[in-house]
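Asks: Here's my sequence, what's the structure:
(chains A and B)
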Amino acid sequence: MPEVETRQFIPASRVSIRDPQLRRALRRVGSGFDGARREAIAEVTPEAWEEWREQARQVKEHTLSNLDYYLELLHDNVVKNGGQVHFARDAAQANAIVAGIATSRGVKVVTKGKSMVSEELDLNRALEGLGVEVYETDLGEYIIQLAGETPSHLVAPALHKTKEQVAELLADKLGVPYNDDIEEMARVARTTLREKFLQADLGISGANFLVAETGTLAIITNEGNGRLCTSAPRVHVGIAGMEKVIPSLQDLALFLRLLPRSATGQRLTSYVSMTSGPRRETDEDGPEEFHLVIVDNGRSRLLADPKLREALHCIRCGACLNICPVYQKVGGHAYGWVYPGPIGAIVTPNLVGLKQAKDLPFASSLCGACRDACPVKINIPRMLLHLRGQLAESQDSEVRAAPVQERIAARGMAKALSHPGWLAAGGRALRGMQRVFGNGGGLGSIPLGPMAGWLRSRDLPPAPPRTFAETWERELADRRPEDG
Amino acid sequence: MGSDGQGVGIPAGVAKEDFLAGVRTALGREAGPPQDAYPRLGDGQAELEERERELYHRVAANRDGLLEGLASTAELRGWKVHRARDGEEAIGRVTAIVAAGQVKRVVRSTQEVFQQAPFHQALTDAGVQVVAVARNESQDRETLRRDIIAADVGITGADYAVAETGSVVVMPRAGLSRLVSLVPPMHIALVRPEDVVESLDDVFLLRRLEFHRKGGDMGSYLNFITGPSRTADIEQTLVVGVHGPREVHLVLLG
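Replies: Modelled structure (predicted):
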């Protein structure tokens, strides 16, 4: 698995917030992707959209509660189509399977379509370790591969880069003259990668959906690189998390309406490429072998917990990222692993371990925008709260997120709220602090003490000079209604 | 794992039974089909055929509306749409498109639709080299591949065209390479009125039925093409023609 840097969420967020180029890039997320998504929903009418979401949620719920059955059906149909299915418990197993396919087939060059699960497995590194050349072919993925970075967004992996940064990167890594014209840069990528497509012995793709009924792998793309990866090389390997299966071909129509609209506001992407096994005898061309690698890698943990199972409904559209006030400020890299944003804050702690990623469930204002945007109605805020609860109440001090001061403060607050005298004393203490540190307003920061961290990025609004209870006591308590 | 020896050299991973047992443990569930039957899997061939009849009836009753709908949706998705009343007019359209694009080499599939619009001669007369891409006695796969890579235009028919989405659907056919609609920088798709269906559901219904009729074979691929290849991966700025064609024409016969 790629390096897990989720412990660095808070310092990394601070760096991100101060990066003006990232700020500019992230502003486009809200106006671009999310604006387009809203328009697309308005076009089909919000009522129709709600109905589709509900149907999709039901499909996912049904499939996941019977996942073993549908995986077996999928397996049997892929085999019937002439393909092979491999099951991997973790990243090491999945990588070993793909590496085995590559070495036993004498593969030298691999072209890859965009696949989040392969990022999760760090598959490229595993293949490169064998001396195999691996080329990401989605433009965004190609850019971050050249830069040696990880994706910062589920559908637009190089979203954090400006065109000038990309132009410098291409000049540096490919030896082409610096040119920050976006069309020209896309042309350079086309020319460079075209050659690789024709050399490649092995094409690797992810899977947006796996249709159990027919043993079909579906990928949804715009550039055409996915189609090339699955058409030109003599071996095609598809890799997918085990939650990607859907029962019937006819369910696919529903998800094809939901996914592109939610991701980029498109009615449909340029390409939907469905593969059912290798080329048949009568086909003009196509891969001679088809392998499907189905990966668990921690997903059964989510499956086993009824409170978290719905995280596996996710179709990786990125709508929850685009609308999230936290993602819009800190960007994808701050989250420290493959899956950023609100859904990442649930998936990541469960794939890398809660104690590694205990800040992530707190990276949310719980405003609920993600839940409303989700095309499969995942209740993200509920699960974030659930994880916060696990963190607060854990007996394991390494998992427990709340520092001892916070626990004492919470206990004190509970006491104060049940004892009027204590509450009044607390109010007086707060007003005292405000006089000392407050510069005439509310509390902006306190250099030292247990409140320092809390107030570094939060302002406590000014407390009134008197509490309501005091005002009542002094001025209102003697007045009787008959006094007028 | 394939049990036929093809799996040679590949580490075993987890055996299917063990993997599924792990999933069952996570779910707390016994092996077997779902308790509540799934509506979209239970329908048998007779039922699907009934729906197919309904579909063809519905489509035939509204053919003109669907052609209109397809043309306008496809236009919005980036296709350049050309209506041609007959084969003669289609040949004229194709020749004009090719002439406008300063095209030297054209590759085409050998689907039936080309008998309706035999433009081979017209293009050749215009000084364009036309290669029909199909494996036969004289051409091996590598030669065909080189022809496709060298071509400026790829011309194909369509198995379906979807009015809902403005998509052209291609499937494996004798005489249709996967690469003709993908590798050259321009793609021209010839669509017959009888190829047009209303929705994605229609395509999947028909394919499901074929799957049943063929005893459970889907065919190796099914590709939906909806406009030109595009990307917005740099600064969310749209660029057309990344790995696939940058210019796509939909010639609608009838």
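
Asks: where does chain A dip in pLDDT?
Replies: When residues are selected by pLDDT under 70, those of chain A lie in A:401, A:439-442, A:444-451, A:480-484.

Asks: Model confidence at the residue in the stretch 151-254 of chain B positioned nearest to chain A, what's the number?
Replies: Residue of the stretch 151-254 of chain B nearest chain A, by CB to the nearest CB: residue B:244 (2.7 Å). In short, each C-beta sits where N, CA and C put it, glycine included. In this model, residue B:244 is scored at 96, pLDDT.

Asks: Using PDB, write down the CA coordinates of the helix or strand containing residue A:21.
Replies: Secondary structure assignment for residue A:21, by DSSP states H and E: helix A:20-28. C-alpha atoms of helix A:20-28 as PDB (Å, rounded to 0.1, in the frame of the first residue of the first chain):
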ATOM      1  CA  PRO A  20      -2.400  30.400  -3.000                       C
ATOM      2  CA  GLN A  21      -2.100  28.200  -6.100                       C
ATOM      3  CA  LEU A  22      -4.000  25.400  -4.400                       C
ATOM      4  CA  ARG A  23      -6.600  27.900  -3.300                       C
ATOM      5  CA  ARG A  24      -7.200  28.900  -6.900                       C
ATOM      6  CA  ALA A  25      -7.400  25.300  -8.100                       C
ATOM      7  CA  LEU A  26      -9.800  24.400  -5.300                       C
ATOM      8  CA  ARG A  27     -12.100  27.300  -6.100                       C
ATOM      9  CA  ARG A  28     -12.800  25.800  -9.500                       C
END
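
Asks: which strands and helices sit next to that helix?
Replies: helix A:327-330 (3 or more CB pairs under 8 Å, 6 or more residues apart in numbering or on different chains; DSSP states H and E).

Asks: Could you list every helix and strand in contact with the helix or strand following the helix it packs on?
Replies: Where DSSP H and E defines the elements, the next helix or strand beyond helix A:327-330 is helix A:341-352. In terms of contacts (3+ CB pairs under 8 Å, 6+ apart), helix A:341-352 is packed against helix A:299-304, helix A:319-323, helix A:369-373, helix A:380-393.

Asks: residues making contact with helix A:341-352?
Replies: A:1, A:4, A:6, A:120, A:154, A:297-299, A:301-302, A:308, A:311, A:314, A:318, A:320-321, A:324, A:326-327, A:332, A:335-339, A:356-358, A:360-361, A:363-364, A:370, A:378, A:380, A:383-384, A:387 (CB atoms under 8 Å, 6 or more residues apart in numbering or on different chains).

Asks: tell me the secondary structure for residue A:110?
Replies: With DSSP: H, G, I helix; E, B strand; the rest coil as the basis, residue A:110 sits in strand.

Asks: pretty sure it is touching residue A:204, no?
Replies: Yes. With contact defined as CB atoms under 8 Å, residue A:110 counts as touching residue A:204 (6.0 Å).

Asks: Quick check: phi and psi at residue A:183.
Replies: phi -60, psi -40 (degrees, to the nearest 10).

Asks: An error on my part: the question was meant for residue A:290.
Replies: Taking degrees, to the nearest 10 as the convention, residue A:290 sits at phi -130, psi 130.

Asks: so where is chain B shaky, pLDDT-wise?
Replies: B:1-7, B:136-139.

Asks: Give me the residue at the spatial middle of it.
Replies: Centroid check for chain B by CA atoms, centre = their mean gives residue B:170 as the closest residue, at 1.8 Å.

Asks: Any figure for the gap between that residue and residue A:271?
Replies: 11 Å (CB to CB, to the nearest Å).

Asks: Same check on residue A:240?
Replies: Taken as CB to CB, the span from residue A:240 to residue A:271 is 18 Å.

Asks: ok, residue B:41 touching residue A:214?
Replies: No. Using CB under 8 Å, residue B:41 is not in contact with residue A:214, being 10.9 Å away.

Asks: returning to what we had before: report the set of residues contacting both of residue B:170 and residue A:271.
Replies: With CB under 8 Å, 6+ apart, residue B:170 and residue A:271 have common neighbours B:223, B:225.

Asks: report the angle between the axes of the following helix or strand past the helix holding residue A:21 and helix A:20-28?
Replies: Heading C-terminal from helix A:20-28, the first helix or strand you meet, by DSSP H and E, is helix A:35-44. When axes from the mean of the first three to the mean of the last three CA atoms, to 10 degrees is applied, the directions of helix A:35-44 and helix A:20-28 differ by 0 degrees.

Asks: Give me the buried positions along the following helix or strand past helix A:35-44.
Replies: Downstream of helix A:35-44, the first helix or strand assigned by DSSP H and E is helix A:46-65. Buried positions in helix A:46-65, judged by neighbour count with 16 or more other CB atoms under 10 Å in any protein chain shown: A:49, A:52, A:53, A:55, A:56, A:57, A:59, A:60, A:62, A:63, A:64, A:65.

Asks: Any idea how far helix A:46-65 is from the middle of the chain?
Replies: 20 Å (CA atoms, centre = their mean, to the nearest Å).

Asks: list the helices and strands that helix packs on?
Replies: By 3+ CB pairs under 8 Å, 6+ apart, helix A:46-65 packs against strand A:245-246, helix A:249-264.

Asks: Next, the residues that contact it from outside, please.
Replies: So helix A:46-65 is in contact with A:41, A:70, A:243, A:245-247, A:251, A:254-255, A:257-258, A:303, A:309-310, A:312-313, A:374-377, B:27, B:29, B:34, B:36, B:38, going by CB under 8 Å, 6+ apart.

Asks: for residue 25, what are its contacts?
Replies: By default, I'm working from chain A. A:159, A:160, A:161, A:162, A:331, B:235.

Asks: my bad, the chain I had in mind was chain B
Replies: Neighbours of residue B:25 in contact, by CB under 8 Å, 6+ apart: A:300, A:304.
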